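Participant: With the sequence up front, the predicted model follows.
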Amino acid sequence: LAISDDVSVLLHEIIQEARNLSNAERCSVFLLDRSSHELVAKVFDGGVVSDEFMKSYEVRIPADQGIAGHVATTGEVLNIKDAYSHPLFYRGVDDSTGFRTRSILCFPIKDENEEVIGVAELCNKINGPWFSKFDEDLATAFSIYCGISIANSLLYKKVAEAQQRSQLSNEMMMYHMKVGTQVSPEEMNKVLNSRIQTVTDIHPDFAKFTYTPRSLGEDQTITAILGMVEDMGFINNYKLDLRTLTRWCLMVRKGYRDPPYHNWMHAYSVSHFCYLLYKNLDLGKYLQDMEIFALFVSCLCHDLDHRGTNNSFQVDSKSVLAALYSSEGSVMERHHFAQAIAIINSAGCNILENLSRKEYQRMLDLMRDIILATDLAHHLRIFKDLRKIADGIVT
């Protein structure tokens, strides 16, 4: 097996070789995700999923459950002659697909330190009722080469990602050196020297859907955001320091480029719409306070450093962002979230500093989910479900 810079391609090759060597009908390869203690598979039945909708699809199972989980835990080969009589076999997949699993040969894939890094599962011996002892020995020998290839491929991927991150950092540094990302004392004082205005001070109709948020100049938007944050109770509820909040707002504004649509005024308008939902639809009945806080913060951050192009362009042009995020899907949205975290981690900008450890993690998880959900591809997938919910409410 040759070392590949694409792990999915390598797994595809492993599956083909494993099926050929053992004369199996089907094969799946799972990699062990130690951070979540799960087995993850993106390659099935001898092929990498190619449909556009399925490119980011993956199967995750607990690393200590089922046949694959048992092999990952014990590190031993498991040869099952009758799958349906084995207590660890889950027949739900067969029931849903119509495929009939008869026999299974499942073997661990280990690295050079004898640590399990994955599991391969072969189904149904073609030229026999079940897999033989010879197949077991062959699988054990084959797994050694698999482990070396996968370990090297994953290492190569980490190095490549580090290089891409470095290149991306340099690109962003060059851009922001021109526009200046540091918040000047003058900018801070301009906001802080005036008290936080109430939303009615900004405009009597500010909390109505008829109000046009873009009627404010860009310099006034920071004051408006502070007014909304105050009115929604976030300053008191989360012990937000006014200087930190102001610097964070200014840094988020600086984090936006100036494309025609995905710019700072768009982010401000979206956050204002979130505020309108809070004021007019009584969101507190349906969402927890932290969920509303995360939604508002995410509205401001959801298009950070947008370049005016979509995910398909990033992938087709083989951009740095695509190289960094395309394997996970939602290229731009993952970048927006990464930029949001980078700003929070900047000196004097951590608006979450007074949260507990658990609350802090909860907030970041919510922000990630909300920002990733702005991927139009995700919206189109759930649009029919949203329509059904809306129709149900209306009727």
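Facilitator: It's in.
Participant: So, low pLDDT: which residues of the chain?
Facilitator: 1-7, 42-58, 93, 97, 166, 169-182, 327, 394-395 (pLDDT under 70).
Participant: which ones are touching residue 209?
Facilitator: 276, 280 (Cβ atoms under 8 Å, 6 or more residues apart in numbering). (Glycine included, C-beta is placed from N, CA and C.)
Participant: Would you mind measuring from it to residue 389?
Facilitator: Distance of residue 209 to residue 389, computed by Cβ to Cβ, to the nearest Å: 21 Å.
Participant: And residue 218, by the same measure?
Facilitator: For residue 218 relative to residue 389 (Cβ to Cβ), the value is 36 Å.
Participant: domain parsing for the protein?
Facilitator: Per automatic domain parsing, the structural domains of the chain span 7-158, 180-394.
Participant: Out of those, the one nearest residue 164 is which?
Facilitator: domain 180-394 (4.6 Å; Cβ to Cβ).
Participant: OK, contacts around residue 203?
Facilitator: Residues near residue 203 by Cβ under 8 Å, 6+ apart: 211, 215.
Participant: residue boundaries of the helices in the stretch 101-250 of the chain?
Facilitator: Along the stretch 101-250 of the chain, counting by DSSP state H, counting those that start in this stretch, helices occupy 133-179, 185-192, 199-202, 218-231, 234-237, 242-254.
Participant: need those in JSON lines with distance to residue 24, can you?
Facilitator: Shown next, in JSON lines, are the helices of the stretch 101-250 of the chain (distance: least, Cβ to Cβ, whole Å):
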{"stretch": "helix 133-179", "distance to residue 24": "9"}
{"stretch": "helix 185-192", "distance to residue 24": "65"}
{"stretch": "helix 199-202", "distance to residue 24": "66"}
{"stretch": "helix 218-231", "distance to residue 24": "59"}
{"stretch": "helix 234-237", "distance to residue 24": "57"}
{"stretch": "helix 242-254", "distance to residue 24": "53"}
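Participant: With mean neighbour count and distance to residue 18 added, can I get those helices in CSV?
Facilitator: Converted to CSV, the helices of the stretch 101-250 of the chain look like this (neighbours: other Cβ atoms under 10 Å; distance: least, Cβ to Cβ, whole Å):
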stretch, mean neighbour count, distance to residue 18
helix 133-179, 15, 7
helix 185-192, 14, 61
helix 199-202, 16, 64
helix 218-231, 19, 56
helix 234-237, 14, 54
helix 242-254, 20, 50
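Participant: Quick check: residue 280 vs residue 388, distance?
Facilitator: In terms of Cβ to Cβ, residue 280 sits 24 Å off from residue 388.
Participant: Now residue 28. Nearest residue, chain neighbours left out?
Facilitator: Excluding its sequence neighbours, the residue lying closest to residue 28 (Cβ to Cβ, 6 or more residues apart in numbering) is residue 121, at 5.0 Å.
Participant: does that neighbour have beta-bridge partners, and which?
Facilitator: Listed beta-bridge partners, residue 121: residue 28, residue 106 (assigned using DSSP bridges).
Participant: Neighbours of it, how many?
Facilitator: Close neighbours of residue 121, defined as other Cβ atoms under 10 Å, add up to 23.
Participant: hang on, it packs against residue 106?
Facilitator: Yes: at 4.6 Å, residue 121 counts as touching residue 106 under the criterion of Cβ atoms under 8 Å.
Participant: so what sits against both of those two?
Facilitator: 67, 68.
Participant: ok, and what's touching stretch 369-382?
Facilitator: Against stretch 369-382 from outside (Cβ under 8 Å, 6+ apart): 53, 294-295, 298, 301-303, 310-311, 329-330, 332-334, 336-337, 340.
Participant: can you do 10 Å?
Facilitator: 52-53, 55-56, 270, 291, 294-299, 301-304, 310-312, 328-340, 383, 386, 389 (Cβ atoms under 10 Å, 6 or more residues apart in numbering).
Participant: what about residue 17, how many neighbours?
Facilitator: Around residue 17 there are 15 residues (other Cβ under 10 Å).
Participant: Can you name the residues that contact it?
Facilitator: Counted by Cβ under 10 Å, 6+ apart, residue 17 has contacts 1, 27, 142, 145, 146.
Participant: and of those residues, the nearest to residue 131?
Facilitator: Nearest member of the contacts of residue 17 to residue 131, counting by Cβ to Cβ, is residue 27, at 11.9 Å.
Participant: Tell me if I'm right that the closest one and residue 13 touch.
Facilitator: No: counting by Cβ atoms under 10 Å, residue 27 stays clear of residue 13, with 11.5 Å between them.
Participant: So for those two, which residue has more residues nearby?
Facilitator: Neighbour comparison, residue 27 and residue 13: the larger count goes to residue 27, with 24 against 16 (by other Cβ under 10 Å).
Participant: The more buried one and residue 122: what is the separation?
Facilitator: Counting by Cβ to Cβ, the gap from residue 27 to residue 122 is 5 Å.
Participant: can you list residues touching both of those two?
Facilitator: Joint contacts of residue 27 and residue 122 (Cβ under 10 Å, 6+ apart) are 15, 18, 19, 105.
Participant: Turn those into a markdown table, columns for neighbour count.
Facilitator: Below are the shared contacts of residue 27 and residue 122 laid out as a markdown table (neighbours: other Cβ atoms under 10 Å):
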| residue | neighbour count |
| --- | --- |
| 15 | 23 |
| 18 | 24 |
| 19 | 18 |
| 105 | 26 |
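Participant: Sort out for me which of these are in helices.
Facilitator: Members of the shared contacts of residue 27 and residue 122 lying in helices (criterion: DSSP state H): 15, 18, 19.
Participant: Kindly confirm my reading that residue 39 is in a strand.
Facilitator: Yes: according to DSSP: H, G, I helix; E, B strand; the rest coil, residue 39 belongs to a strand.
Participant: I'd like the numbering to begin with 520 instead of 1 from here.
Facilitator: I'll keep to 520 as the first residue from here, and by that count the last item is residue 558.
Participant: What ranges does the protein have for its strands?
Facilitator: With DSSP state E, the ranges of strands along the chain come out as 543-552, 557-560, 562-563, 566-567, 578-581, 597-599, 623-629, 635-644.
Participant: Can you tell me which helices and strands the first one packs against?
Facilitator: If I follow you right, that is strand 543-552. helix 526-541, strand 557-560, strand 562-563, strand 578-581, helix 585-593, strand 623-629, strand 635-644, helix 652-698 (3 or more Cβ pairs under 10 Å, 6 or more residues apart in numbering; DSSP states H and E).
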